[in-house]
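1. Structural data only, the sequence is not supplied:
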């Protein structure tokens, strides 16, 4: 009879020396993910439209050459290509990609009055940006047998009025993720994370930072008893980027404190 495999200790630095590119990562959920990568022993390239926020991250983290920032517009292919090239030149490799960039305010005009430019703003930043970053990062990720994590939203499962552009873009990201997982397996794993209510007030650049103004009821409506924080998403991203999730690909993992499982009546 074969022996049961022995107990294996958990890796306390699951991303030791690995290089992860995180888009839209100077503030909010993206910053939480970038910090989690650093906390897991990795190195991180952060890309963002906000130069002040990006520089503030480097100043506050004070981790030397383990973190680099470059300006990035994920809707422009030239910007994405340059960002990926700079990351590879600076670190010599690329092990992970987190596609997080895109506008976070989903409530826009009703569909009959929605301007095409508004629609395209969400599609270009979220969905096209995810495509472009994956396209240019894939050669290095294949070589490293790396992983991609795409940030979607719990709004792929439930909606509020006038969020069609945001929901369509995020829904596209989930479908793109499982399609790419099949195309790129087994060399590259691809998964999506769909966050729910994540409180980002304390994760903004210093000039925009403030104490969250949430009520007891805001927290209590979550089955876990509180709204989420960016480091909740960061912890899951680290898992999906690490070898601990080697058997996980093509999945969309909802992390919303149980809200999408809770029956609610007006």
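-> Structure's in. What do you need? Remember, it's a predicted structure, so these values are computed and weren't measured experimentally. Residues are numbered from 1 along each chain as shown.

2. For the closest residue to residue 104 other than its chain neighbours, the count of nearby residues, please.
-> Spatial nearest neighbour of residue 104, excluding adjacent residues (Cβ to Cβ, 6 or more residues apart in numbering): residue 28 at 6.7 Å. C-beta coordinates here come from the backbone N, C-alpha and C atoms, glycine included. Residues lying near residue 28 (other Cβ atoms under 10 Å) number 21.

3. Looking at residue 28 now. What's its pLDDT?
-> On pLDDT, residue 28 comes in at 95.

4. From residue 55, how far out is it?
-> Counting by Cβ to Cβ, to the nearest Å, the separation of residue 28 from residue 55 is 16 Å.

5. got it, and residue 163?
-> 32 Å.

6. So between the two, which is more surrounded?
-> residue 163 (17 against 14).

7. Pull the contacting residues for the nearest residue to that one once chain neighbours are set aside.
-> Take residue 163 and drop its neighbours on the chain: the residue closest to it by Cβ to Cβ, 6+ apart is residue 106, 4.2 Å away. Taking Cβ atoms under 8 Å, 6 or more residues apart in numbering, we find residue 106 in contact with 122, 153, 155, 160, 163, 165, 166, 167.

8. what residues are up against the last one?
-> Spelled out, it's residue 167. Contacts of residue 167 by Cβ under 8 Å, 6+ apart are 106, 153, 155, 156, 159.

9. Three-state assignment for the first one, please.
-> In other words, residue 106. coil (DSSP: H, G, I helix; E, B strand; the rest coil).

10. And the helix or strand of the chain with the lowest mean pLDDT, what's buried?
-> Lowest mean confidence among the helices and strands of the chain (mean pLDDT, DSSP states H and E): helix 216-220, at a mean of 86. Neighbour counts over helix 216-220 (16 or more other Cβ atoms under 10 Å) mark no residue as buried.

11. Repeat that for stretch 233-250.
-> Buried residues in stretch 233-250, counted by 16+ other Cβ under 10 Å: 233, 234, 236, 237, 238, 239, 240, 241, 242, 245, 249.

12. ranges for the helices of the stretch 151-266 of the chain?
-> Per DSSP state H, counting those that start in this stretch, the stretch 151-266 of the chain carries helices over the ranges 164-184, 216-220, 230-241.

13. pLDDT weak spots in the stretch 1-150 of the chain?
-> 1-7 (pLDDT under 70).

14. Setting aside sequence neighbours, what's the nearest residue to residue 235?
-> residue 36 (6.0 Å).

15. Looks to me like the one you found is in a strand.
-> No. Under three-state DSSP, residue 36 falls outside any strand and is assigned helix.

16. So it sits against residue 232, correct?
-> No. Using Cβ atoms under 8 Å, residue 36 makes no contact with residue 232, being 9.5 Å away.

17. Of these two, give the one with the bigger neighbour count.
-> Higher neighbour count among residue 36 and residue 232: residue 36, with 26 against 22, using other Cβ under 10 Å.

18. give me every residue that touches the more buried one.
-> 231, 234, 235, 237, 238.

19. Next one: it from residue 176, what distance?
-> 23 Å.

20. and what of residue 88?
-> In terms of Cβ to Cβ, residue 88 sits 23 Å off from residue 176.

21. Likewise for residue 24?
-> 17 Å.

22. more neighbours, the two?
-> Counted by other Cβ under 10 Å, residue 24 and residue 176 do not tie: residue 24 has more neighbours, with 29 against 19.

23. Now do the contacts for that one.
-> 30, 47, 48, 49, 74, 100, 101, 102.

24. In the stretch 1-150 of the chain, what residue spans correspond to strands?
-> Using DSSP state E, counting those that start in this stretch, the strands of the stretch 1-150 of the chain run over 19-23, 43-48, 67-71, 96-99, 147-151.
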